[in-house]
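Participant: predicted coordinates and the sequence they were generated for:
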Amino acid sequence: MKRRVGSWLLLLLGCGLLAVGYWARPEASVKTIQVHFKMTDEDYHPLPGVPARIVLGAKDWQSPDAGTRVVSDEKGEAVFTTTSIIDKRIVWENVGSTPFSLPMRVSHLALAAELETVLPQKSGNDVSHRWLYTADIHLYRGGDCSTDGLAKIYEAGKDGRFTARLGEGVGHNFQANLGGLVLSGMRYKMWNYMLSKPAADTQPWTLELGLMRLPPPVIR
C-alpha cells in the first residue's frame, strides 16, 4: 500500500511539473498600449511640469533613448500611445491563509521610468540626478493586477546607459551610499498600475500609471 501511495504521489508531482513547464513556456508578443500617466505628491495632488521617460517592455530598456518622453500637464497627467512586449510568466499565489501556494499564469509588463531625483548636499547645494526606476506589472486572468512596486534603481554609466545598480533593498528598505551620505527609501512610489487587456485584438491595451514623488530627505 505504501508503495502504491508513493507511486501516486510521484505521478501527481510529475504531472504538476509538466503542467507548470507547459504554462511557463516562452510566449511574448508586441502590443499597442495607450498609457494614462499621472504624477502626484504624497497627498495625491497633481504635480505639473514634471519630465519623465517611460519605457515599457523594451528589449534594450537600459538605453537612454528607449521609451517615450513626457511632461505632466497642469493636471499632472500625460497620455501617449506606444508599443511594448508583453510576455507570460508564472507567479505563485498563496491559497487563503494556508501555507500552500499555487502557480498562476499571468501577463507580464516590464516598466522603467527615468525620473529626476534632487538630493541635498552637506555643502547646502542641491544636486539633481537622473535615475531609472524599474518595476514589473502582472495582469491576472480575472483582470486584477499586482506589482512589487519600484524595486530597483539604475544610474547611467560613462556610456550613458543605465547599467549601474544603485543601492540595495526594495521600497522603504532601499539604501544607497552617495558621497558618504546614506539615502534611505526611494524618492518615488507607484500607486496606480492598472493594466487592461482589450476585448478585441485590434484595440490597444491600456495602462493607468500613477507615480508619487515623495518629500526630499533632510540632512541633519
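Facilitator: In hand now; what should we look at? Numbering: from 1, shown residues only.

Participant: contacting residues around the most centrally placed residue in the chain?
Facilitator: For the chain, Ala135 is the residue whose C-alpha lies nearest the centre (Cα atoms, centre = their mean; 1.6 Å). If a contact means Cβ atoms under 8 Å, 6 or more residues apart in numbering, then Ala135 has Ala110, Leu111, Ala112, Ala113, Thr147, Asp148, Gly149, Leu150, Ala151, Met190, Tyr193 as its contacts. Bear in mind the C-beta positions are built from the backbone N, C-alpha and C, glycine included.

Participant: got a PyMOL select line for the buried ones in those residues?
Facilitator: A single PyMOL command selects the buried members of these (16 or more other Cβ atoms under 10 Å):
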select buried, resi 110+111+112+113+149+150+151+190+193
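
Participant: next secondary structure element downstream of the helix or strand containing the residue nearest to the centre of the chain?
Facilitator: Assigned by DSSP states H and E, Ala135 falls within strand 127-139. Sequence-wise, the next helix or strand downstream of strand 127-139 (DSSP H and E) is strand 145-147.

Participant: how distant is that following strand from the center of its chain?
Facilitator: 9 Å (Cα atoms, centre = their mean, to the nearest Å).

Participant: in the next helix or strand after it, what's buried?
Facilitator: Per DSSP H and E, the first helix or strand lying C-terminal to strand 145-147 is strand 152-155. Using 16+ other Cβ under 10 Å as the burial criterion, the residues of strand 152-155 that qualify are Lys152, Ile153, Tyr154, Glu155.

Participant: check the gap between the last one and Ser84 for me.
Facilitator: This means Glu155. To Ser84, Glu155 is 24 Å away according to Cβ to Cβ, to the nearest Å.

Participant: where do the strands sit along the chain?
Facilitator: 28-40, 51-56, 68-71, 77-94, 101-119, 127-139, 145-147, 152-155, 164-165, 175-178, 181-184, 188-196, 205-213 (DSSP state E).

Participant: which helices and strands sit right next to the last one?
Facilitator: If I follow you right, that is strand 205-213. Under the contact criterion of 3 or more Cβ pairs under 8 Å, 6 or more residues apart in numbering; DSSP states H and E, strand 205-213 touches strand 28-40, strand 51-56, strand 101-119, strand 188-196.
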